[in-house]
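J.: Whatever this is, show me its structure:
(chains A and B)
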Amino acid sequence: MGQFLHEFFSPLDFIRAVPQVWNGFIFNIKLMLAAEALVLPLALAVAIVRGLPGRAAAPLRGAAIVYTDFFRGTPLILVLLLVQGFAQLNYFGLSAETLFRTGLIALVLVYTAYVTEVYRAGIESVHPSQRMAARSLGLSYMQAMRFVVLPQAIRRVIPPLLNDFIGLQKDTALVTFIGLTEAAAQAGLYSNDFANDTAYIVAAVFFIFLTIPLARFTDHIIRQRERRERAQAV
Amino acid sequence: MSENGHFVSLQGIRKRFDDLEVLHGIDLDVGEHEVVCLIGASGSGKSTLLRCINLLERVDAGTIVVDGQTITGTKIDVNRLRQKIGIVFQAYNLFPHMTVLQNVTLAPRKALGISRGDAAGHARALLRQIGLEDKADEFPDRLSGGQQQRVAIVRALATGPKLMLLDEITSALDPQLIGEVLELVRQLADTGMTMILATHEMSFAREVANKVCFLDAGVICEEGTPEQIFSAPREERTREFLARVLEGGRL
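T.: Numbering: from 1, shown residues only, chains lettered A, B, ... in the order given. Here you go, the predicted structure:
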């Protein structure tokens, strides 16, 4: 028991590992923010393309379906390695900057596919009569989308969006496999250097402290909506 | 006005959904300032016909001329056309995420390009006419069904349409709320608005219509003045329908 506690919860190692793991964790935060900033608009665009009506838009719709199917079905770790292979093929080099970009591209590719489906579910949850009412007033398809459908759709999917955001935060740790020294990698280095695994706990604590506020915020939003819907029901 | 002197002219309208043809060749003329009521059982094609007139549904055959313009052609600007043809639905279909004022000003601002201030001024004037100006900043779910439907009518009027299509607009309302909505329609008729109504309110149809059309199984079975249709229907099916409705206590 003492050995177990020492291996994972040594106070000395905990304190000693914090600065090193924090150095890596800054990468995770940067990666997460950059990825999310790209994923939210890109996924919205793909979701809209996927819902475009008419025969003329069929190739676009098809491309959107192939894209989401492929990247939702492929494990992130494989996408990371594929993007890295592609980067090396083009002699991007292996600077920290390139690694960051490689990790970012992989995360964006995969999470855009997930989030597209979230948006799409939201768009489809808006009753067709809403779109019809907007069109009957003389609004174009895109205007009806922008002013009537999307505002309602996005409001409904905020909880699942935040959920995917939490998933993205955690998955930033996977970029360690392409050699980016983020929090998990730094923890690994520490554990090699000092033969003690407490640094992994440090990294875990960082991630948890980042996701807890988001998780509580998600709960808050869900509760708020439930209350509003209950109020409507009476 | 089209060449034959009618504001709306339908000829041989056919519409099918998959294997089911719901309109089997409808001919109908509506003069300017006329109010035409479509009556008939649910599923007789009344709603579909109205939706065809503002191109929410594409007809499979036949021509529709509105205000001298053939709208069933391919080179029609549907958004432009729909600004001239207001439609109000049974379920109001107000936008729940917008206030009453935003509901009414959306189309004038985005479709017609009117400034926010001008659109709001016009919308408030319209809301004042129906006694709902104090609800301008409320969300639709704070309003009664009758109030919501009146807002929906005003929303359709905000783009200045020359023709109004009303699709069973009182069917979803509690009986005590129907009156306020019909009163507004009556006022509209008095201003000379050309209207086509699908309705189950026979006494209202009798009072406000210039012409009543009885639809049965996708055709206009009988049409005439309200007096003629309600007092002396020629067709057996019209008589049967009216007898059924009378039993239901609707006249």
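J.: these two touch, right, B:Asp27 and B:Leu10?
T.: Yes. At 6.1 Å, B:Asp27 and B:Leu10 qualify as touching, with contact defined as Cβ atoms under 8 Å. All C-beta spots, glycine's among them, are computed from the backbone N, C-alpha and C.
J.: Run through the neighbouring helices and strands of the lengthiest helix in chain A.
T.: When chain A is parsed with DSSP state H, its longest helix is helix A:11-50. Other helices and strands packing on helix A:11-50, by 3 or more Cβ pairs under 8 Å, 6 or more residues apart in numbering or on different chains; DSSP states H and E, are helix A:58-73, helix A:96-125, helix A:150-171, helix A:183-194, helix A:198-233.
J.: Check which residues of it are buried.
T.: Residues A:13-14, A:16-18, A:20-21, A:24-25, A:27-28, A:31-32, A:34-36, A:38-40, A:42-44, A:46-50 are the ones in helix A:11-50 that count as buried (16 or more other Cβ atoms under 10 Å in any protein chain shown).
J.: Run through the strands of chain B in chain order.
T.: B:8-17, B:20-30, B:35-39, B:61-66, B:69-70, B:85-88, B:163-167, B:194-198, B:211-216, B:219-224 (DSSP state E).
J.: Could you say which one of those comes nearest to chain A?
T.: strand B:85-88 (4.8 Å; Cβ to the nearest Cβ).
J.: What is the closest one packed up against?
T.: helix B:46-53, helix B:145-157, strand B:163-167.
J.: which residues are in contact with that strand?
T.: A:136, B:50-51, B:53-54, B:56, B:66, B:149, B:152-153, B:156-157, B:159, B:161-167, B:169 (Cβ atoms under 8 Å, 6 or more residues apart in numbering or on different chains).
J.: Now a ChimeraX select for only the buried ones of those residues.
T.: The buried residues among the contacts of strand B:85-88 can be selected in ChimeraX (16+ other Cβ under 10 Å) with this line:
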select /A:136 /B:50,51,53,54,56,66,149,152,153,156,157,159,161,163,164,165,166,167,169
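J.: For the stretch 151-251 of chain B, which residue gets nearest to chain A?
T.: B:Thr159 (5.9 Å).
J.: in chain A, which ranges drop under the pLDDT threshold?
T.: Low-confidence segments of chain A, defined by pLDDT under 70, span residues A:90-96, A:229-234.
J.: From chain B, how far out is the residue nearest the centre of chain A?
T.: For chain A, the residue sitting closest to the mean C-alpha position, by Cα atoms, centre = their mean, is A:Leu168 at 3.2 Å. Computed as Cβ to the nearest Cβ, to the nearest Å, the A:Leu168 to chain B distance reads 27 Å.
J.: Name the nearest residue to that residue, sequence neighbours excluded.
T.: A:Tyr111 (5.2 Å; Cβ to Cβ, 6 or more residues apart in numbering or on different chains).
J.: picking up where we left off before, contacting residues for the residue nearest to the centre of chain A?
T.: A:Met32, A:Ala35, A:Glu36, A:Val39, A:Leu107, A:Tyr111.
J.: The fifth one reaches A:Asp171, doesn't it?
T.: Think A:Leu107. Yes. A:Leu107 is within contact range of A:Asp171, at 6.6 Å (criterion: Cβ under 8 Å).
J.: near chain A, which residues of the stretch 151-251 of chain B show up?
T.: B:Arg155, B:Ala156, B:Thr159 (Cβ under 8 Å from any Cβ of the partner chain).
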